[in-house]
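**Student:** Need coordinates for the following:
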Amino acid sequence: MQYKAVIFDLDGTLLNTLDDLADSANRALAARGFPTYTVDEYKYFIGDGAEMLVRRALPEGARDDAAVFGVLDAFKEDYSRNWNVKTRIYEGVNDLLSAVEGLGVRKAILSNKPHEYTLLCVEEYFAPGTFEMVLGMRPEVPKKPDPAGAFEIVQSLSLKPEECVFLGDSSTDIHTAKNANMLAVGALWGFRTADELTQAGAQVEIRTPMELMNHLKR
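**Tutor:** So this is what the prediction gives:
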């Protein structure tokens, strides 16, 4: 028996967005006199939405609302102009998407990136119709690892959660999959470590996108 849908995380799973996120965040921090970080350090700030990225990046003693929302507004403004400077599709992702399509397995995206930027990224980097449903973070819906967005997708596709695979690169994605009763697959090419994915309870871990094809049969 075959799974009927794959739900993908976006940042760190389909797209390497790290450099553009880091550059915009560093510019926003520096403009307000706060320390900046290396691109690799941002791997541990990303994954739980823009506000959490800023909170993690600010010094511990400077996380009052005025500082957080000041930097957040500057980050959003900068990122709106620079979101596609260095961003790229991970090697092997397009091959995987074509192979999944060939099996007749449906595809969707669930991201903690703000919804408008999630849509922009998908429109820029993927062919129209590649994904049946694309959801970013919206104020009215709890963000991952809450399963609300995942349940919204499966209901829209008229599927059951257990018929779906969830592929992501962070503990947030693995917890989302488990909370939604989906197969939790960890992407080892993304922003986080194998240890994090294992500890979160990933049922499968894959080193290259095409390896997912080995796990679409149940």
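**Student:** Going by C-alpha atoms from here, please, whenever you check contacts or count neighbours.
**Tutor:** Noted.
**Student:** And the helix or strand hosting Ser98, what's buried?
**Tutor:** If you go by DSSP states H and E, Ser98 is part of helix 93-103. For helix 93-103, the neighbour count (16 or more other CA atoms under 10 Å) marks 93-94, 96-97, 100 as buried.
**Student:** just checking, what packs against it?
**Tutor:** strand 106-114 (3 or more CA pairs under 8 Å, 6 or more residues apart in numbering; DSSP states H and E).
**Student:** Quick check: what element follows the strand it packs on along the chain?
**Tutor:** Next helix or strand after strand 106-114 toward the C-terminus (DSSP H and E): helix 115-125.
**Student:** What is that next one packed up against?
**Tutor:** Counting by 3+ CA pairs under 8 Å, 6+ apart, the packing neighbours recorded for helix 115-125 are strand 133-137.
**Student:** Now do the strand it packs on: everything it contacts.
**Tutor:** Here strand 133-137 makes contact (CA atoms under 8 Å, 6 or more residues apart in numbering) with 49, 107-119, 143, 149, 153.
**Student:** On the three-state scheme, Ala74 is what?
**Tutor:** helix (DSSP: H, G, I helix; E, B strand; the rest coil).
**Student:** check contacts around it.
**Tutor:** Contacts of Ala74 (CA under 8 Å, 6+ apart): Ala28.
**Student:** go on, Phe151?
**Tutor:** 161, 180.
**Student:** Then Ala22?
**Tutor:** Going by CA under 8 Å, 6+ apart, Ala22 touches 37-39, 42.
**Student:** Am I right that it sits in a strand?
**Tutor:** No - read with three-state DSSP, Ala22 is helix and lies in no strand.
**Student:** pLDDT at Ala47, what is it?
**Tutor:** Rather than Ala, residue 47 is Gly. Here the pLDDT value assigned to Gly47 is 87.
**Student:** any idea how far the closest residue in space to Leu10 that isn't next to it in sequence lies from Leu29?
**Tutor:** The shortest distance from Leu10 to any non-neighbouring residue, by CA to CA, 6 or more residues apart in numbering, is to Ser111 (5.7 Å). Remark: distance between Ser111 and Leu29 (CA to CA, to the nearest Å) = 24 Å.
**Student:** where's the spatially most distant residue from the centre of the chain, which helix or strand?
**Tutor:** Most distant from the centre of the chain: Gly33, at 29.0 Å, with distances by CA atoms, centre = their mean. For Gly33, there is no helix or strand it lies in under DSSP H and E.
**Student:** ranges for the helices of this protein?
**Tutor:** Per DSSP state H, the chain carries helices over the ranges 18-31, 50-57, 65-82, 93-103, 115-125, 148-156, 171-179, 194-200.
**Student:** Check the contact between Val105 and Ala5; I expect there is one.
**Tutor:** Yes - judged on CA atoms under 8 Å, Val105 makes contact with Ala5 at a distance of 5.1 Å.
**Student:** which residues does Leu167 form a beta bridge with?
**Tutor:** Here Leu167 sits in beta bridges with Phe8, Val185, going by DSSP bridges.
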